Structures are given as structure tokens and as C-alpha cells.
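Student: Here's my sequence, what's the structure:
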Amino acid sequence: MVLAGLLLLLLTLLAGAHLLWGRWKLRNLHLPPLVPGFLHLLQPNLPIHLLSLTQKLGPVYRLRLGLQEVVVLNSKRTIEEAMIRKWVDFAGRPQIPSYKLVSQRCQDISLGDYSLLWKAHKKLTRSALLLGTRSSMEPWVEQLTQEFCERMRVQAGAPVTIQKEFSLLTCSIICFLTFGDKEDTLVHAFHDCVQDLMKTWDHWSIQILDMVPFLRLFPNPGLWRLKKAIENRDHMVEKQLRRHKESMMAGQWRDMTDYMLQGVGRQRVEEGPGQLLEGHVHMSVVDLFIGGTETTASTLSWAVAFLLHHPEIQRRLQEELDRELGPGASCSRVTYKDRARLPLLNATIAEVLRLRPVVPLALPHRTIRPSSIFGYDIPEGMVVIPNLQGAHLDETVWEQPHEFRPDRFLEPGANTSALAFGCGARVCLGESLARLELFVVLLRLLQAFTLLPPPGGALPSLQPDPYCGVNLKVQPFQVRLQPRGVEAGACESASAQ
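Tutor: Purely as a prediction, here's the structure:
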């Protein structure tokens with residue numbers, strides 16, 4: 001007991017010395033103002049709390065998250081200055097303990113630090129997403145969405161927990177694009193794996209390790225659970241990679257995994273900034289599942305929640321769909337490239353993304369060389385957090401920013417440059433797929449059903465889960481899906497065939 005107390009005292013002294021040394025090194029810089037305290041992560045609705053601090057400190061300031069000092073950017077102008085105009089300076093990622101663990105020591109696009117090898121890894125994955133599935137992506141999103149609507153029709157009139165249904169739908173889309181397989185057993189296995197991993201990773205016992213790294217020297221059941229979740233994840237991904245290597249044919253690809261495995265093979269014999277390995281393909285698959293399931297499912301859930309609160313917008317959307325596609329749920333289609341035919345649907349998606357960006361604080365950046373923002377010095381190695389939700393609620397940019405008003409995007413000269421997917425070199429890799437899914441799923445859902453509250457008329461809360469970790473999650477709710485026309489079922493079956 002005495003030994004443990006002495007060890008804790010020694011570690012505390014070392015941490016204090018580290019902080020003092022850090023302050024000494026920065027003594028001659030013109031740094032952003034520092035917010036008092038170090039328990040900001042305990043604040044509910046953290047993005048809104050960070051935005052409120054701008055009233056006294058301006059859009060750029062520093063604060064402490066445990067032992068880590070960070071700079072927070074709270075406006076569109078400051079975020080774009082850092083992430084677009086000075087993107088090279090701010091392209092790094094902090095190498096915190098949980099990132100290293102989850103990303104196989106950062107052989108990862110989302111969490112990996114900036115390097116030429118990282119750029120090659122990102123290029124390969126983007127090519128797989130945009131080229132390897134270009135001809136099949138939209139038809140398969142359409143078919144899987146139609147199958148989803150058929151399943152919902154079976155439950156017509158009964159309260160449905162729509163978040164879980166959206167989560168399974170987005171997971172099935174990622175499964176098919178990545179592995180060429182939408183079999184229910186595989187989809188549910190990967191869905192449960194992602195859910196377990198994210199829940200474990202978001203737990204306070206892991207978050208505190210990132211803020212106070214020396215605590216990893218002490219027993220931590222949460223860390224053991226996270227390692228087990230990662231082990232399960234890696235086992236499932238490796239099984240799929242083996243299956244692909246055993247059956248793929250050179251020069252042909254059935255899905256993204258085939259494309260990336262063959263891309264790694266080509267890269268080995270070409271000169272480049274290092275060597276891409278099978279481990280990079282492994283982590284690309286992980287990124288696609290973590291970044292492409294719950295994020296899109298959460299945005300779809302927020303859209304349904306807002307439409308339940310605004311039935312007049314839902315009515316106008318259905319009128320727009322009926323004008324363009326025929327009454328009820330006809331067999332007509334509007335392809336994504338022709339989405340301008342549905343301006344209100346596009347505006348509604350834009351407004352949901354503005355109000356509820358699913359990763360409201362993005363992922364933290366790190367400066368890889370000294371830089372500046374708005375006249376403040378930002379030293380090398382500083383962690384920088386872009387408050388995307390705060391930027392979307394900036395009263396100097398958006399009129400009545402907290403109100404759900406899709407029509408703001410229909411006005412002449414409307415500001416459409418929200419930051420829901422980030423910007424610059426670290427913009428979300430799956431943005432194009434996510435936007436396609438949001439368009440197709442909401443189109444087909446509103447074409448086939450009217451969204452109604454459950455019996456008793458209880459509407460979902462529009463306040464996020466106050467302690468939701470990385471993702472901005474809607475609080476659990478149910479919705480009734482009332483079919484709009486009997487002809488819908490026949491049309492959907494025909495489309496699926």
C-alpha cells in the first residue's frame with residue numbers, strides 16, 4: 001500500500017514537472033488565451049460548452065484536457081485557415097494511447113499520423129471506394145435500401161427503434177461494398193463487433209488513459225475489454241482477407257478488398273514513399289466499418305427525429321417526391337447525379353448535417369511544424385480540436401442557427417459550405433458514400449412511408465445524448481412507419497429483382 005502511494009506521488013511529481021517544462025518552452029510565444037480548469041471533458045454536450053467559451057475568449061483558445069493542453073477552433077474561418085490554407089501544418093494526429101492500440105500502432109487512415117506513406121494508404125483506399133465500386137455502388141445502395149423498406153413494411157404501424165434498423169442497413173452496405181457479401185450472419189457479426197468496440201473505446205476508463213497516460217501502469221478492466229474487442233475485430237477482418245486472397249483473380253476485383261489487396265501487390269514493385277502492406281488493407285477495412293456505419297445511421301436517425309417534430313417539412317418533401325416520381329411509391333428513380341431535381345430533400349439533408357454533424361469535434365489534429373491562426377502562435381506538436389458543431393451554430397454566419405430551417409439552403413446565394421465531414425487533407429474519406437446513402441435512404445423512406453410518432457404522441461428529444469463520446473448520438477426513440485400506398489410493395493419487389 002505504501003509502495004503504491006509512493007509510486008503515485010512520484011508519477012504526480014513527474015507529470016507536474018512535465019507541465020512546467022512545457023510552459024517554460026512556450027514562454028516567448030503569443031499563444032491563444034487559456035481557459036481555467038482541466039475537467040472540461042466532464043461537461044455535458046461538450047461542443048456547445050466549448051462554443052459558449054467563445055463569448056469571452058474569441059473563436060481560438062487553449063484549454064487542458066487532463067494533462068494535455070489543446071487549442072480549440074470554434075468558427076468556420078479559423079477551421080478553414082488551419083485545415084485548408086495551412087493544411088500541411090495541421091495534418092498530424094496526436095499519438096495517444098488508445099489511438100495506438102486501436103489502429104495497430106497507426107497503420108490507419110483516420111488515426112494515423114501524416115506521412116508520405118499515409119498519403120499512399122489514403123490514395124489506395126479512396127481509389128477502391130471511388131473506382132473499385134464506381135459502377136456498382138449506387139445500384140447496390142438502392143437495392144439494399146429497397147430491401148430495408150420491405151422489412152419495414154412488415155412492421156407497418158408498429159413502433160420501430162429506427163436507429164438499430166438504420167445501423168444494420170448501413171452495415172450491410174459496407175459489408176457488400178467491402179466484402180461482396182450481404183448475408184445476414186456476416187452483417188450482424190460485424191455490426192455487433194463495431195458496437196462493442198465503440199462502446200468500449202468511448203468508456204471513461206479509456207478516455208482517462210488518453211488524458212493521463214501514466215495511469216496505464218495501474219490495473220484497468222476497461223483496457224482489458226478494449227483489447228479483447230480489438231482482438232475479435234482483427235480476427236474477423238483477417239478471416240475475410242484470407243477468403244479473398246484464396247479466391248481472387250489477378251486484374252479483376254469483386255469488391256473493395258480485392259481492389260486494395262491487388263493495389264498493395266502492385267505498390268510493392270513500384271518506387272514510392274515506403275511500402276504498403278496487408279496490414280494497411282486490414283486497417284482500411286476497419287476504418288470503413290467504424291466510419292461508415294454508426295455515423296451515417298446516426299445522421300439518418302437525426303433526420304427522422306427532426307421530421308417528426310416538423311411534419312410540415314415532411315409533407316412538403318413527400319409532395320416534392322410525388323411531383324418528380326409520381327404519387328405514392330412509384331417505380332421511378334432519381335439518380336444521385338440528378339439530385340438537383342429534389343432541392344428540398346437536398347436542403348433537408350444539409351440542414352440535418354449542419355445542426356447535428358455526427359462527429360461534432362472531428363478527430364483531433366496535431367501540428368507537425370510551428371504555425372499560427374488569427375495572429376496566435378501554434379507551436380509544433382500542439383493538439384488542435386476543430387469544433388465543427390460550434391462553427392455550424394455561429395450567429396455571425398447563420399441566421400437563427402439553432403432552428404431547423406431547411407429553406408435556408410433554398411434561398412438565393414445560400415451558404416452551403418458546412419463542415420460536417422471536415423475539410424482539407426483530413427476530410428472524411430467516405431463523404432461521397434455517406435451523402436449517397438443519406439439521399440437514397442431518405443428518398444425511399446419518405447416515398448414509401450409517412451413518419452409518425454408512436455402511440456401517445458411522444459416525440460423524440462432533439463437534445464443529443466449528453467455524454468456520447470466521439471459521435472453525436474440521438475437519444476433512443478421509436479417511430480411508426482405508415483405505408484403511403486399499396487402499390488409500393490409491388491414496385492419495391494420489382495426493383496429488387
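
Student: just so I have it, where are all the strands in the chain?
Tutor: With DSSP state E as the criterion, the chain has strands at 60-65, 68-73, 159-160, 365-366, 371-373, 376-378, 383-386, 449-452, 479-483.

Student: can you tell me which helix in this protein is longest?
Tutor: Identified as the longest helix of the chain according to DSSP state H is helix 221-247.

Student: Quick one, which of the strands of the chain gets closest to residue 91.
Tutor: Taking Cβ to Cβ, strand 365-366 is the member of the strands of the chain nearest to residue 91, at 7.1 Å. Yep, even glycine has a C-beta here, placed from its N, CA and C like the rest.

Student: buried set for stretch 93-109?
Tutor: By neighbour count on 16 or more other Cβ atoms under 10 Å, the buried set for stretch 93-109 is 93-94, 96, 98-99, 101-104, 106-109.

Student: sorry, back to before: output the strands of the chain as a markdown table; include the columns mean pLDDT and distance to residue 127.
Tutor: Formatted as a markdown table, the strands of the chain follow (pLDDT from 0 to 100; distance: least, Cβ to Cβ, whole Å):
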| stretch | mean pLDDT | distance to residue 127 |
| --- | --- | --- |
| strand 60-65 | 93 | 36 |
| strand 68-73 | 94 | 31 |
| strand 159-160 | 94 | 38 |
| strand 365-366 | 96 | 24 |
| strand 371-373 | 96 | 30 |
| strand 376-378 | 97 | 33 |
| strand 383-386 | 96 | 26 |
| strand 449-452 | 96 | 37 |
| strand 479-483 | 96 | 38 |
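
Student: any chance of these in TSV, plus distance to residue 216 and mean neighbour count?
Tutor: Formatted as TSV, the strands of the chain follow (distance: least, Cβ to Cβ, whole Å; neighbours: other Cβ atoms under 10 Å):
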stretch	distance to residue 216	mean neighbour count
strand 60-65	16	20
strand 68-73	14	22
strand 159-160	42	18
strand 365-366	20	24
strand 371-373	30	19
strand 376-378	28	19
strand 383-386	18	24
strand 449-452	46	18
strand 479-483	42	19
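
Student: Can you check which of these gets nearest to residue 189?
Tutor: Using Cβ to Cβ, these put strand 159-160 closest to residue 189, at 22.6 Å.

Student: roughly how far out does that closest one sit from the chain middle?
Tutor: Distance, stretch centre to chain centre, for strand 159-160: 25 Å (Cα atoms, centre = their mean, to the nearest Å).

Student: Which residues does that strand contact?
Tutor: By Cβ atoms under 8 Å, 6 or more residues apart in numbering, the residues outside strand 159-160 that reach it are 152, 454, 455, 478, 479, 480, 481.

Student: What is the longest helix of the chain packed up against?
Tutor: In this structure, helix 221-247 makes packing contacts with helix 97-102, helix 162-179, helix 184-201, helix 204-211, helix 256-268, helix 278-292, judged by 3 or more Cβ pairs under 8 Å, 6 or more residues apart in numbering; DSSP states H and E.

Student: among those helices, where is the model least confident on average?
Tutor: Here the helices and strands packed on helix 221-247 differ in mean pLDDT, and the lowest is helix 204-211 at a mean of 81.

Student: Could you check stretch 456-466 and say which residues are buried?
Tutor: Across stretch 456-466, burial judged by 16+ other Cβ under 10 Å covers 460, 462, 464.

Student: Can you give me the first-to-last residue distance of it?
Tutor: End-to-end distance of stretch 456-466: 25 Å, with Cα to Cα, to the nearest Å as the criterion.

Student: Now do the closest residue to residue 44 other than its chain neighbours against residue 444, distance only.
Tutor: Excluding its sequence neighbours, the residue lying closest to residue 44 (Cβ to Cβ, 6 or more residues apart in numbering) is residue 466, at 3.5 Å. The gap separating residue 466 from residue 444 is 32 Å, by Cβ to Cβ, to the nearest Å.
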